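*Asks:* Just to be clear, the model below is a prediction. Sequence and coordinates:
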Amino acid sequence: MSRIRIALSSALALAAACPKPARVPACASGETNRCSCASGGEGLQACLPSHDAFGDCVCSAACASGAACVAMPSLIGKDLDSAGALVDQAQLVLPDPVDPTGFITQQDIADPPVQILAQDPLPGTPVKPGTSITLTVTLPPDQESLGLPNSNFLVGRLTQDTLDSAASYYAVLDPGPFPRRATFADWKAANGFGTSADAEASAVYVTHTDLGFGRHMHMRRLGRRVAFYVDNYPSVEDAIAGTRFFATVAMEYSPGPNGKDTDPYFTQFYAFNKKGQRISDPILDDHGPKQLPAVCLVCHGGSTSDPTYLSNGGNLGAHFIPFDVDAERFSGRPGYARADQESAFKAFNEAVQITWNPADPAYPPGDPAPVPGLIDCLRNRARCITRSSPRAARPATRSERRRGTSPPTRSSRRPRASSTCACSTRGRCRSRSAARSISGSAIRSSRRFSPTGWERNSARQAGPSRESPSLPGRQ
């Protein structure tokens, strides 16, 4: 009996040691085979996903009497570029863009922004070559449907970047042949995320008054070096759950490539898709992709007349913008409410303040950069004094104190429009005027930072009792 067991064990060991022949697939993905139908007609059978065999015969009049026919490829979930390649390969035709019945659109935030949700004919259907397809696709939501400004959003009067100028911008900031920020993982490593720092913070909220995204903001600060990145989602609930993530926008305040701490620091912009690949054309509104860095300068200020960016080394004079929690919306879930995250926003603003120079030569003596004082106002929630108002000739009246206004003076009846901020009766600082000083005419033309414009949009969203938000907190 023991001999039989030994022989059996040896046979099993030999069988296991012998290599099995590689499985040869019966067919390849997308391959079809002409077949005959029981009714006498003809059709096509497609290769199964396992590649072990062809599927059932799908009969169609398109294949009758030996006529040429092709199987409709599966386009659902693909972007238009990928779908177009499959359609061309199958000798079919995409819908005419001007035909309202060819493309059925559904407003949604997706990555890719135009994604196929449904198709007609269905995948696998035999059709004649040259057949046109009807597609249901996603399109980014219209800003006005979200109660947000729409006209010239993120465009303004700035000269827009091209694919070539955006590539030049990245090449100047992160030169090859081995760039240090080619992927999101590389960018985080270059900015020290995951290592010790002076401060790190994160928060989840909705930028209701500007881009309208659910955002998961992250910040790291070490010395003068400041880095923010934000993961964007369609809603705050998506941001909490980490679902439907579509893009990351990153900013850093650091020296140029291979720069030392003694070199000039400046603000730099990067964008990455959901795969972590660096991109230059994020879609941040409902008017299609726009190239970096111009799409960022509309809100963050700065300018250039050199499309190669060689003359300025990528330093465009752009700035980080303070966070105003009164302009954001939050979830009511524990851990994500405003009260749970105010300490993070305080850390954000402390980091932003480091990136601003109170003695910036762009501002004349006695008229300093507005943002450092504004951040003190936002952080402390104290009464804000306008930086350009002359000394008052008399104490403020009760009515003036209630409105948060200054009394008239001999030289001016009201503070200049460039005042740092004005406080409401609840001590909350409003910063419409400072926003104008940050970004100049680009903001005024494209963002509608006028009080009238924001009050109108706020009233449409939340009713007439809502106070007008002012400076949106975003990076």
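*Replies:* Okay, I see it.
*Asks:* Low-confidence ranges, the chain, go.
*Replies:* The chain contains residues with pLDDT under 70 at 1-23, 97-98, 109, 111, 140-159, 285-288, 379-475.
*Asks:* I'd like the domain boundaries of it, if you could list them.
*Replies:* Here the domain parsing of the chain from automatic domain parsing is 32-139, 146-387+416-462.
*Asks:* which stretches of the stretch 151-300 of the chain form strands?
*Replies:* 199-206, 214-222, 225-233, 247-254, 266-273, 278-279 (DSSP state E, counting those that start in this stretch).
*Asks:* What strands line up against the fourth one, and which way round?
*Replies:* It stands for strand 247-254. strand 225-233 (antiparallel), strand 266-273 (antiparallel) (DSSP bridges).
*Asks:* May I have the last one exported as CSV, CA atoms only?
*Replies:* Read that as strand 266-273. Coordinates of each C-alpha in strand 266-273 appear next as CSV, following Å, rounded to 0.1, in the frame of the first residue of the first chain:
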residue,chain,number,x,y,z
PHE,A,266,7.3,83.3,-6.6
THR,A,267,4.0,81.6,-7.2
GLN,A,268,3.9,78.6,-9.6
PHE,A,269,0.9,76.7,-11.1
TYR,A,270,0.4,73.0,-12.0
ALA,A,271,-2.5,70.8,-12.9
PHE,A,272,-2.9,67.0,-12.9
ASN,A,273,-5.7,64.7,-14.1
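*Asks:* What lies in contact with stretch 74-90?
*Replies:* 30, 70-73, 93-94, 112, 114-119, 123-124, 129, 133, 135, 137 (CB atoms under 8 Å, 6 or more residues apart in numbering). The way it works is simple: take the backbone N, C-alpha and C, and place the C-beta from them, glycine included.
*Asks:* Which among the residues you listed count as buried?
*Replies:* 70-73, 94, 112, 114-117, 119, 124, 133, 135, 137 (16 or more other CB atoms under 10 Å).
*Asks:* got the strands paired with strand 247-254 as CSV, with mean neighbour count columns?
*Replies:* Shown next, in CSV, are the strands paired with strand 247-254 (neighbours: other CB atoms under 10 Å):
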stretch, mean neighbour count
strand 225-233, 24
strand 266-273, 24
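*Asks:* could I get those strands as TSV with distance to Asp56?
*Replies:* TSV is the format used below for the strands paired with strand 247-254 (distance: least, CB to CB, whole Å):
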stretch	distance to Asp56
strand 225-233	41
strand 266-273	39
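*Asks:* how about the nearest residue to Ala28, chain neighbours excluded?
*Replies:* Among residues not flanking Ala28 along the chain, Cys47 sits closest, at 6.2 Å (CB to CB, 6 or more residues apart in numbering).
*Asks:* Show the contacting residues for the one you found.
*Replies:* 26-33, 53-55.
*Asks:* Ala64: which of the strands paired with strand 247-254 is closest?
*Replies:* strand 266-273 (45.5 Å; CB to CB).
*Asks:* Quick one: end-to-end distance for stretch 169-182.
*Replies:* End-to-end distance of stretch 169-182 (CA to CA, to the nearest Å): 13 Å.
*Asks:* Contacts for that stretch, please.
*Replies:* Taking CB under 8 Å, 6+ apart as the rule, stretch 169-182 contacts 161, 186-187, 189-190, 256-257, 268, 270, 278, 280, 292-293, 308-310, 313-314.
*Asks:* Give me the subset of these lying in helices.
*Replies:* 186-187, 189-190 (DSSP state H).
*Asks:* Quick one: which of the residues you listed is the most crowded by neighbours?
*Replies:* For the ones in helices among the contacts of stretch 169-182, the largest neighbour count, defined by other CB atoms under 10 Å, is 23 neighbours, found at Trp187.
*Asks:* ok, now which ones touch Ala271?
*Replies:* Here Ala271 is in contact with 247-250, 278-282, 292 (CB under 8 Å, 6+ apart).
*Asks:* any idea how far Ala337 is from Leu211?
*Replies:* According to CB to CB, to the nearest Å, Ala337 and Leu211 sit 21 Å apart.
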